[in-house]
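Curious how this folds, go ahead:
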Amino acid sequence: MQLKHMKTLLPPQEGAGKVTCLAWSPNNAKLAVCTVDRVVLLYDEQGEKRDKFSTKPADAKFGKKSYMVKALAFSPDSAKIAVGQTDNIIYVYKIGEDWGEKKVICNKFVQTSAVTCLIWPPDQNIIFGLADGKIRVANTKNNKSSTIYGTDSYVVSLTSNTSGKGILSGHADGSVVRYFFDDEGTGDSQGKICTHGCPPYALAWAANSIVVAGCDKRVIVYGKDGRSIQQFDYSRDDDEKELTTAVCSPSGQSVVVGSYDRLRVYNWSPRKGLWDEARPKEIPNLYTITALAWKKDGSRLTAGTLCGGVELFDCCLRRSIYKNKFEMTYVGLSQVIVKNLSSGTRVVLKSHYGYEIDEVKIMGKDRFLVAHTSDTILLGDLKTNKLSEVPWQNTGGNEKFFFENENVCMVFNAGELTLVEYGANEILGSVRTEFMNPHLISVRLNERSVHGQEDKKKMAYLIDMKTIAIMDLNMGYTISSISHDSKIDWLELNETGRKLLFRDKRMRLHLYDLESQLKTTMLNYCSYVQWVTNSDVVVAQNRGNLCVWYNIDAPERVTMFPIKGDIVDLERNEGKTDVIVNEGVTTISYTLDEGLIEFGTAIDDGDYPR
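This next block holds a predicted model:
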């Protein structure tokens, strides 16, 4: 991890006027900064100041200078900010989605002691520590707060693990306490896990260990069981002052510890199973670092100083340009930001298991991404922002990927076809087949809802050149097998997965009904065939005729139009369906009867309001 200074967001002042707290919003769009003058400044992701609002005391009679803001945290939806104050109160401000919206206090939680630290993990309520040693939770829905656990020692630091399901609190007596809302199957113990040699003001919970530092100028790494496993000792370094604050990267692979004029960077090495210290970032006259915050996508780090300055740093292991269209920023071993240079859209690709991402490729007309780790494969759709990570044995990069279906990626390797649904972290289905042609495989995943049939996921594929198998992907078994007398060269299920069209080498078009298991020959000399999108209407060509089946349940009822050329495409948009015919020099479109298409589909699906 390398830190590169980008810009100064807030210039430092002549004397002490420290930045008390910083927070990035989960959607990466906003940075909140609070200084000693108790005003919250809001910046956009480029570091431009866009908004600000003043905080208020718990009781106006004590005056505006009767308190300090000790902590800030954004809500998981990025629309609210929780402010923890030393006058025994937490205010929650609704700041809205856009800049300049009116700031409204929507919750307040009065406490018996000063609020010293506060976090708001994803899918959780506000968690905060008090000067009397209690760790409490504030529920914004019912406006009540309750104690999670109590200690007799001032809470100096509070942090969560990378998933937000567990918390660590550091106390003035040196103790570090762990608590889980959900241990996610780790079996780790709760309660006091270790006693540090000094108050653990710098506390970070990384992916594999807990990093603790304080005024004794030593950084100690504790394992999950609370034993010291590594130590970085700067106590004999005259240039080093006390270590004041620490922050962990969103991936859990890097930790930055702030001290005087310096940011120390530690990177986890999976191969060694230890932390490596990178070259520290030395900035003369920066003075003591009082607050650190890491952007949730891992690409930026902000540091607040004793003199009121806020500095923005770029964080990355490496950066590369792919095909002159995409920028790949490796912000951690297991996290990559993929940015489309033309549109500016960004996708954060992250291994849930913490594996190191080797290489990211953009495939399928620059829409789909593929990345390998040692034990998994990551697949994603850049358009819908759906990402998947599934277990995958390293096969030497011999896989072939097919992206013809927008909902599912087909991966073919060594005679085995694997289906991965975008957005799902489990393999949808896996079958053995030698025929890896998109025209010989058809997958349908709930593409059109049918009344009374909620979750329908089916696939049709070839077992051999003359045998089709239809598989229920939810249950994982073959529901039908079709033997034919000649080789099959095209097949496709309809969107509801109830009918199958297939054509053989003799140009004969057949229809198979999955419910009745009846096979019907629909057309001879068929040179083109296609289902109409969002319907059960079939368009085909037989020599000089355009053939349309508006009611697929009656294959003998076909509407025919004489045409001179060949059908090249089928377009359906804005309530109009056109068949594009190439007549040599010119291209002519034939419009289908939209009323018949819509009516027949509504009857088939039981969608009568349609």
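
Spatially nearest residue to Lys65 (excluding sequence neighbours)?
In this structure, Lys65 finds its nearest non-sequential neighbour in Arg38, 7.9 Å apart by Cβ to Cβ, 6 or more residues apart in numbering. The C-beta positions use only the backbone N, C-alpha and C, and glycine is treated the same way.

And Asp37, by the same measure?
Asp37's closest residue in space is Gly17 (Cβ to Cβ, 6+ apart), at 7.3 Å.

Now do the contacts for the one you found.
Residues near Gly17 by Cβ atoms under 8 Å, 6 or more residues apart in numbering: Thr35, Val36, Asp37, Cys307, Gly308.

follow-up on the earlier one: tell me how far the residue nearest to Lys65 lies from Lys576.
61 Å (Cβ to Cβ, to the nearest Å).

which one of these two has more residues nearby?
Between Arg38 and Lys576, Arg38 has the larger neighbour count (other Cβ atoms under 10 Å), namely 19 against 11.

And His196, its phi and psi?
phi -80, psi 160 (degrees, to the nearest 10).

residue contacts, the closest residue to Ile482 other than its chain neighbours?
Nearest residue to Ile482 in three dimensions, chain neighbours excluded: Ile468, at 4.3 Å (Cβ to Cβ, 6+ apart). Ile468 makes contact with Ala460, Tyr461, Leu462, Ser481, Ile482, His484, Ile488, Leu491, Leu500, Phe502, Tyr512, according to Cβ under 8 Å, 6+ apart.

for Ile588, same thing?
Gly565, Ile580, Val581.

For beta bridges, what are the partners of the last one?
It stands for Val581. Here Val581 sits in beta bridges with Ile567, Ile588, going by DSSP bridges.

quick one: it from Lys165, how far?
Counting by Cβ to Cβ, the gap from Val581 to Lys165 is 59 Å.

go on, the first one?
Going from Gly565 to Lys165 by Cβ to Cβ gives 62 Å.

re the thing from before, neighbour-wise, which of Val581 and Lys165 wins?
A direct count of neighbours by other Cβ under 10 Å for Val581 and Lys165 places Val581 higher, at 21 against 17.

low-scoring stretches of the stretch 501-610 of the chain, by residue?
Residues of the stretch 501-610 of the chain meeting the criterion pLDDT under 70: 600-602, 604-610.

Hmm, I typed the wrong one, I wanted the chain.
449-454, 600-602, 604-610.

What segments of it are helices?
Secondary structure of the chain (DSSP state H): helices at 594-605.

what's near enough to touch the closest residue to Asp504 other than its chain neighbours?
Excluding the flanking residues, the one nearest Asp504 by Cβ to Cβ, 6+ apart is Ser486, at 4.5 Å. Taking Cβ under 8 Å, 6+ apart, we find Ser486 in contact with Lys466, Asp504, Lys505, Arg506, Arg508.

between the residues you listed, which has the most around it?
Asp504 (20 neighbours).

And Lys165, how far from Glu492?
44 Å.

ignore the last one, Met471
The gap separating Met471 from Glu492 is 15 Å, by Cβ to Cβ.

Repeat that for Ser145.
For Ser145 relative to Glu492 (Cβ to Cβ), the value is 58 Å.

what is Leu459 paired to in the beta sheet?
Quick fix: residue 459 is Met, not Leu. Those that pair with Met459 in a beta bridge, by DSSP bridges, are Val443, Met471.

Going along the chain, name the strands of the stretch 501-610 of the chain.
509-513, 518-523, 526-531, 538-542, 545-549, 559-562, 566-573, 576-582, 587-591 (DSSP state E, counting those that start in this stretch).
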